[in-house]
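A.B. asks: My questions are about this predicted structure, shown below with the sequence.
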Amino acid sequence: MNENLEALRDALPGLTEGVTITLQLTLGGALVAFIVSVVLGLLSISPVAPLRWLSTVVVEFFRGTSLVVQLFWLYYVMPLFGVSWDAVLTGIIALGLNYGAYGAEVVRGSINAVDKGQWEGATALNMSPATRMRRIIWPQAWALMLSGYNNLLVMLIKGTAVALFISLPDLGYQIDELRIDTSTIFAFSIGLVIYYLIALVFSQGLRFLEKRARLRLGLPIRGSHASAGVSL
């Protein structure tokens, strides 16, 4: 056990670098995924048919193909066409496009879940489609979609491990290096704990945002005893 702890101490600089890269992939990937999900989600409910078709094709493509293959295409194939990025940026783009496609369904479903009376009321007030979305529909849909975004963010954090395939020394890579100097059980147990803590911090952050969004709308808080029987 003492040998494992000494190896862990020696590996701390590498683990710190790995956590840093994993956080970069998580934050960058989440930002790209959010932008992609909002754009595709709004296009999916557009009254313009070609825009809806475009959204469907893009979403189904990225949901229906492997994240690893998408990563390989961006990192190894795109340079053949004169387009190349460094490994971290490539990982961010791959994660963002893949999870953004899943997020588009969260956006679409949440917007469609807003009570029809809200849509009709905004229309009766002669609001433009943009104003109606910005002032009436989006704030309510936002409170609904944060739960889905929370699940996707946790999945994205775990998905950052694909960076190993393009030789990025992320957390997964550093844990595998630690395994060489310790035992398999010890190294991967450390990895489980670190990944769990990262996911926990981000998840709690989104839960806080969801709570604030629901309070602003006067909606019951998820999991509250006071709101028993009322759920999304």
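C.D. replies: Cool, the structure landed.
A.B. asks: gap between the residue positioned nearest the centre of the chain and residue 18?
C.D. replies: Nearest to the geometric centre of the chain sits residue 153, at 3.5 Å (Cα atoms, centre = their mean). From residue 153 across to residue 18, the span is 19 Å (Cβ to Cβ, to the nearest Å). From N, CA and C alone the C-beta is placed, and that goes for glycine too.
A.B. asks: before we move on, back to that, is the residue nearest to the centre of the chain inside a helix or a strand, and which specific one?
C.D. replies: Element membership for residue 153, per DSSP states H and E: helix 138-159.
A.B. asks: in that helix, what's buried?
C.D. replies: Residues of helix 138-159 classed as buried by neighbour count (16 or more other Cβ atoms under 10 Å): 138, 140-146, 148-150, 152-154, 156-157, 159.
A.B. asks: those helices in this protein, which residues are they?
C.D. replies: With DSSP state H, the ranges of helices along the chain come out as 2-43, 49-64, 67-72, 87-113, 116-124, 129-132, 138-159, 171-181, 184-216.
A.B. asks: Let's have the ones you listed in JSON lines, adding distance to residue 81.
C.D. replies: Below are the helices of the chain laid out as JSON lines (distance: least, Cβ to Cβ, whole Å):
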{"stretch": "helix 2-43", "distance to residue 81": "21"}
{"stretch": "helix 49-64", "distance to residue 81": "18"}
{"stretch": "helix 67-72", "distance to residue 81": "14"}
{"stretch": "helix 87-113", "distance to residue 81": "14"}
{"stretch": "helix 116-124", "distance to residue 81": "44"}
{"stretch": "helix 129-132", "distance to residue 81": "36"}
{"stretch": "helix 138-159", "distance to residue 81": "25"}
{"stretch": "helix 171-181", "distance to residue 81": "28"}
{"stretch": "helix 184-216", "distance to residue 81": "34"}
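A.B. asks: Comparing the ones you listed, which comes out most buried?
C.D. replies: helix 87-113 (a mean of 22; mean count of other Cβ atoms under 10 Å).
A.B. asks: quick check: angle from that helix to helix 138-159?
C.D. replies: 140 degrees (axes from the mean of the first three to the mean of the last three Cα atoms, to 10 degrees).
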